[in-house]
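> curious how this folds, go ahead:
(3 chains)
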Amino acid sequence: MNALPAPHRPGPLPTRMQLEDGRLRHLLTIEGLGRPLIEQILDNAESFAGMNDQGVKKLPLLRGKTVANLFFEASTRTRTTFELAAKRLSADVLSLNMNASATTKGETLLDTLRNLEAMQCDMFVVRHADSGAAHFIARHVAPHISVLNAGDGRHAHPTQALLDVFTIRRHKGELSKLRVAIVGDVLHSRVARSQIHALNTLATGEVRVIGPRTLLPAAVEQLGVQVYHNMEQGLKDVDVIIMLRLQKERMQGAFIPSEHEYFQRYGLDARRLALAHPEAIVMHPGPANRGVEIASEVADGPHSVILRQVTYGLSVRMAVMSMVMGVNPQVRA
Amino acid sequence: MNALPAPHRPGPLPTRMQLEDGRLRHLLTIEGLGRPLIEQILDNAESFAGMNDQGVKKLPLLRGKTVANLFFEASTRTRTTFELAAKRLSADVLSLNMNASATTKGETLLDTLRNLEAMQCDMFVVRHADSGAAHFIARHVAPHISVLNAGDGRHAHPTQALLDVFTIRRHKGELSKLRVAIVGDVLHSRVARSQIHALNTLATGEVRVIGPRTLLPAAVEQLGVQVYHNMEQGLKDVDVIIMLRLQKERMQGAFIPSEHEYFQRYGLDARRLALAHPEAIVMHPGPANRGVEIASEVADGPHSVILRQVTYGLSVRMAVMSMVMGVNPQVRA
Amino acid sequence: MNALPAPHRPGPLPTRMQLEDGRLRHLLTIEGLGRPLIEQILDNAESFAGMNDQGVKKLPLLRGKTVANLFFEASTRTRTTFELAAKRLSADVLSLNMNASATTKGETLLDTLRNLEAMQCDMFVVRHADSGAAHFIARHVAPHISVLNAGDGRHAHPTQALLDVFTIRRHKGELSKLRVAIVGDVLHSRVARSQIHALNTLATGEVRVIGPRTLLPAAVEQLGVQVYHNMEQGLKDVDVIIMLRLQKERMQGAFIPSEHEYFQRYGLDARRLALAHPEAIVMHPGPANRGVEIASEVADGPHSVILRQVTYGLSVRMAVMSMVMGVNPQVRA
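Below you'll find the model as predicted:
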């Protein structure tokens, strides 16, 4: 993993630099997108999902475009969904293992980016263990390149958050009438941070976070959420339960006593699920640690929409990819 | 390599589950396919081979379909032929290194399958060191997925057997009039087992197996073959000689005294080939161990159709892939 | 890395075998191509570059063709440019890691080639650490296969040399009026050897090589170049400066005292660049060792065309690939 150099110049805030003339140019973080733009992304994703429901999987919208997957951190699942989304839009896809390449210094990373630009790549999909990596890259790319953040450190994972709100809207309708609970390791989760921003931007009725003090960020209330340390109280009457993956590999201290005890206190089983609204849906970004944060009876049960999230994730990524390239799915449909 | 869990339910026999309304849904094993269906596969492969002879390599038959290669066991050659067959049908191909992925438990394997289904893959090409792996996966996939067995343990390698009978039919005509000898390590060969079933289903005149007792399965006669332990006697007047690869990596005991002695007793050289019919063809699934089971003078000689088998293998795999997807090559041709 | 066996038969010289009826069949080396053919390649590359300038990146010229990348030596950058060039011509691309495959003996390499031919690949792009590797392979392939040398040992890297002369022609015009200096590790550079042949074939006004005696081949003058050991003298009034990468990994003795001292004597900085013609261009095959052979102020400065070379490299490779396949870009344009 390479340490990123300090940016050459401060540059605009990521919340501003991802927009260009009100249009989406990069997708780095949910912050600053604004409700109309998020709803446009969801509407476009709905178009792709609708075409998909009719059996139309392959579209020529990005024919001639080249998407480079720059994965500095291994993630077969995320890389695969971006690769499939790009291929179904008829783009050419280049998958580069950035650990193996000669990018041990930040200077060399910039040289690598310049070369990919010169090869006329159009889009960089970036996954990196350091917060701010996608932002750093977006600040240094040529004007014709769009950068999509596929997860950077603890910071953001915006396409995951977008597919989550897409899933909620499709299954439960208008978010302003809903109670949504996010459960677990919020502290180490880039997903949770992005989810909270997306839910609040869409004026969700109530957003709760549930977890032990050791796994919640300090002053998490200031993000505009209700905080619960008791699972039973937090789940009461919610319409949507979003379970987070216990990020074992990220914990460096003794955040939890044991996996078993964690499941006892914060694991989602059928008994706890019964406290939520009778038609509540259960979500998880995957891959789930069965028996740690979620019981198999729930993950595979009738309330679970976990696998639907994966399917919607393709539509959402196709929407984002076509929008940053300035292509409108409706034109074709 | 991951151990497979016991199947959740017994399910139908593989011979039945690969058919749906008389149509090929999965290809797991040659057993139970029936002569009309095998002949339909060969006829469709003939269509692809014919188009290929006219220089038409790329067809849009599987445009919009996604083929996932799930190779739990490394095999560059087999993976490449399936990848090329899929690409020449215009499918999108996803190659997943299943050893590297997080599939160390059977439960996790099922999660991986569910996710690939949710990404709307249409076909899984499975290679696994355990017998029954493709069958296990086929039993657990969603209704829209087809599974192709690209070799499982000692059990089966059906596309190899199909390309073998395709090769025989193309070069020697009607199988009922032919004598075919399979030579070598039948015991450890998934290919041999599939070949014998295919040859018998097509009512081949006579099928012989030739090899030392230590490399033939117990009661091999019950498969409907003539058994020879003497190479010279077994080759006499045969029309087709199928050499097997000596599966060195599979032998755990002292099945053969030495490679040199094996070649002395069962290697195919020009002198022994002269015992067969003057127009006999020589086949090998590849890669050949030159000087162990076959002499270079024969592998590269005028009777050898070994490289033609590779070419036909693409047509046969295109036929199987299009059939399980419900697409008919004649429609387009 | 596998040692290549001695060729079975002497065969024609590489300078002859790459032509067939005056047409380019393989591209192994610049030697023997002749000025009209090189100019035709450059003109065709100009067509692709022009279409590219108009935003047309994807063309159906090689639809149905299969390109196999045989990289025996790792080179992400070169492999990527060939892969992109092939994909933008709509070819199917197969990337084979030849170190990992079973090619430990020369005989097995030939078997691998035979199999790829039987899978009906149309083109092999070969990168190998041994001089003559591409030539060896070209001598043994079937008549329908074309071989492109993507760098073999110290011998040749012809597409790099072609993109270099393309860059010079595009930025500085007619080569007969130009002074070109090649600076640095000529001894270990497959690029330099190919460049000198290309520049001389195109009747470049003056070709200079600049470097310490330890990094210039013996009798380098016989290649038709002026030799300078003093950087300042050599750069005087030149129109084009081609910096070579210091091939650290290839040096086995004490060719240079230290990187720092090398930069002091032969590194290109702004002060030395000022000795050249005021409108001189600076080139480098990449990746540059900043602070060793070139200062960042020059590599990133206004005289540098280093990144343009990368872009042109795609057009040149598209030109070569379409020409060896007998396809003319003008037909489509």
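> do a quick rundown of the helices in the stretch 151-300 of chain A.
Under the criterion DSSP state H, counting those that start in this stretch, the stretch 151-300 of chain A contains helices at A:158-172, A:190-201, A:231-235, A:259-266, A:270-273, A:296-299.
> now swap in the stretch 1-150 of chain A and tell me
A:14-17, A:35-53, A:76-88, A:106-118, A:133-140.
> turn these into TSV, including distance to C:Val191.
Every C-beta, even on glycine, is put in place using the N, C-alpha and C of the backbone. Formatted as TSV, the helices of the stretch 1-150 of chain A follow (distance: least, C-beta to C-beta, whole Å):
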stretch	distance to C:Val191
helix A:14-17	38
helix A:35-53	46
helix A:76-88	33
helix A:106-118	16
helix A:133-140	28
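> show me the contacts for the closest residue to A:Gln309 other than its chain neighbours.
Nearest residue to A:Gln309, sequence neighbours excluded (C-beta to C-beta, 6 or more residues apart in numbering or on different chains): A:Thr167, at 5.1 Å. By C-beta atoms under 8 Å, 6 or more residues apart in numbering or on different chains, the residues touching A:Thr167 are A:Ile281, A:Met283, A:Val305, A:Arg308, A:Gln309, A:Tyr312.
> which one of the residues you listed is nearest to B:Val324?
A:Arg308 (25.4 Å; C-beta to C-beta).
> in which helix or strand does that closest one reside?
Using DSSP states H and E, A:Arg308 sits within helix A:306-324.
> who are the packing partners of that helix?
strand A:23-24, helix A:35-53, helix A:76-88, strand A:146-152, helix A:158-172, strand A:281-283, helix A:329-332, helix B:106-118 (3 or more C-beta pairs under 8 Å, 6 or more residues apart in numbering or on different chains; DSSP states H and E).
> contacts for the second one?
Meaning helix A:35-53. Taking contacts as C-beta under 8 Å, 6+ apart, the residues outside helix A:35-53 that touch it are A:19, A:24, A:30, A:57, A:59, A:162-163, A:165-166, A:169-170, A:198, A:201-203, A:311-312, A:314-316, A:318-320, A:322-323, A:328-330, A:333, B:120.
> bridging residues for the residue nearest to A:Leu94 when sequence neighbours are not counted?
For A:Leu94, ignoring the flanking residues on the chain, the nearest one in space by C-beta to C-beta, 6+ apart is A:Ala68 at 4.5 Å. With DSSP bridges as the criterion, A:Ala68 is bridged to A:Leu94, A:Phe124.
> please apply the same query to A:Tyr228.
A:Ile210.
> was I right about it contacting A:Arg213?
No: the pair A:Tyr228 / A:Arg213 is not scored as a contact, 11.2 Å apart, by C-beta atoms under 8 Å.
> okay, the two: which has more neighbours?
Neighbour tally, A:Tyr228 and A:Arg213, criterion other C-beta atoms under 10 Å in any protein chain shown: the higher count belongs to A:Tyr228, 18 against 11.
> quick one: contacts for the closest residue to A:Glu232 other than its chain neighbours?
Counting by C-beta to C-beta, 6+ apart, A:Leu275 is the residue found nearest to A:Glu232 once chain neighbours are left out, at 5.9 Å. Neighbouring residues of A:Leu275 by C-beta under 8 Å, 6+ apart: A:Glu232, A:Leu235, A:Lys236, A:Asp237.
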